[in-house]
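Q: Provided below are the primary sequence and the corresponding predicted coordinates.
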Number of protein chains: 2
Amino acid sequence: MNQTAKKYSLGFRVWINEEHGHFLGIGRVRLLENIRKTGSITNASKAMKMSYRQAWQMVEDMNDASEKPLVEKILGGKGGGGAMVTEAGEKAIKLFYKLEEKVNKFSKELGAKIKL
Amino acid sequence: MNQTAKKYSLGFRVWINEEHGHFLGIGRVRLLENIRKTGSITNASKAMKMSYRQAWQMVEDMNDASEKPLVEKILGGKGGGGAMVTEAGEKAIKLFYKLEEKVNKFSKELGAKIKL
DNA sequence: AACCGGTATGCTTTCTGAAACATACCACAA
DNA sequence: TTGTGGTATGTTTCAGAAAGCATACCGGTT
């Protein structure tokens, strides 16, 4: 499988670490967005066909790793409760995309020069 | 788990893609280095406690995705055979580390500015 | 031609992380 | 006080991946 000149590009993945471990990556950001859209962890998890358990754990981890919770959960009440993205959560989403975009730009430039 | 100001940093992972998929990441690079050191896929895989099968498959994939093979395999012969990293392989290793280092530098700069 | 040690590849078994299931709790509404 | 629907959490099932086993091949050496 050789002869023809091949094209190479640079792939990458970024995430934000808190001192004790992983804090926020693209997966969690998408979860946040789904929570914002659907109003609950349950519905968000369904929307992205992820188990409730996993989604709930993610939220828990995020909140723990953050100074201020990114998601606020409501127990009981009308409609049984729900969850919403806090102001801090919105900021985190924005920040993540900003960083990712910068790395993306940088890596595209680098990738264009790859020559084996 | 809040109150105290937390420190955040940017984590990342890079790899090289060939047009039909993944080509070279840190895992494969380490495998190459172990093959260089030990002279065979068998010993390299043992050194990094990975199954021979998996290591062999990685080599196969790499070679397929590359214009020139990164690893040359020797069947039979004295000592039963072996494997060695080609010139192209060495170049690929160097290139990968170079790219990774650049991204690393960039992401460190970015990470230093994270403020939530 | 028998041995050696690595490559090559099919087949089986084991393991583990994810999903699924089950259940209790919560607070408001009617 | 009963119903509702989401949160919270322990327990069990299960599929797919990884590991392990088995075997054939290869080509020098002795």
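A: Received it, and whenever you're ready, just let me know what you need.
Q: Give me the below-cutoff pLDDT ranges for chain A.
A: Flagging of chain A using pLDDT under 70 yields the residue ranges A:1-4.
Q: Show me what the helix or strand residue A:98 falls within is packed against.
A: Assigned by DSSP states H and E, residue A:98 falls within helix A:87-112. Other elements packing on helix A:87-112 under the criterion 3 or more CB pairs under 8 Å, 6 or more residues apart in numbering or on different chains; DSSP states H and E are strand A:8-18, helix A:26-38, strand B:8-18, helix B:87-112. C-beta here means a position set from N, CA and C on the backbone, and glycine is covered the same way.
Q: So for it, what gets flagged as buried?
A: For helix A:87-112, a neighbour-count test (16 or more other CB atoms under 10 Å in any protein chain shown) marks A:88-89, A:92-93, A:95-96, A:99-100, A:102-103, A:106-107, A:110-111 as buried.
Q: between the helices and strands packed on helix A:87-112, which one is nearest to residue B:61?
A: Comparing these against residue B:61 with CB to CB, the closest turns out to be strand B:8-18 (9.8 Å).
Q: and the angle for the closest one with helix A:87-112?
A: An angle of 40 degrees separates the directions of strand B:8-18 and helix A:87-112 when computed by axes from the mean of the first three to the mean of the last three CA atoms, to 10 degrees.
Q: which residues sit against strand B:8-18?
A: Strand B:8-18 has contacts (CB atoms under 8 Å, 6 or more residues apart in numbering or on different chains) with A:6-18, A:22-23, A:99, A:103, A:107, A:114, B:22-26, B:65-66, B:95-96, B:99-100, B:103-104, B:107-108, B:110-111, B:114, B:116.
Q: partners of it, with directions?
A: strand A:8-18 (antiparallel), strand B:21-24 (antiparallel) (DSSP bridges).
Q: Do any residues in stretch A:40-48 lie close to DNA strand D?
A: Yes. Stretch A:40-48 reaches DNA strand D (CB under 7 Å from any atom of the strand) through A:40, A:41, A:42, A:43.
Q: in that stretch, what counts as buried?
A: So, applying 16+ other CB under 10 Å, buried residues of stretch A:40-48: A:40, A:41, A:42, A:43, A:44, A:45, A:47.
Q: follow-up on the earlier one: got the helices and strands packed on helix A:87-112 as JSON lines, with distance to DNA strand D columns?
A: Shown next, in JSON lines, are these (distance: least, CB to the nearest atom of the strand, whole Å):
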{"stretch": "strand A:8-18", "distance to DNA strand D": "17"}
{"stretch": "helix A:26-38", "distance to DNA strand D": "7"}
{"stretch": "strand B:8-18", "distance to DNA strand D": "16"}
{"stretch": "helix B:87-112", "distance to DNA strand D": "21"}
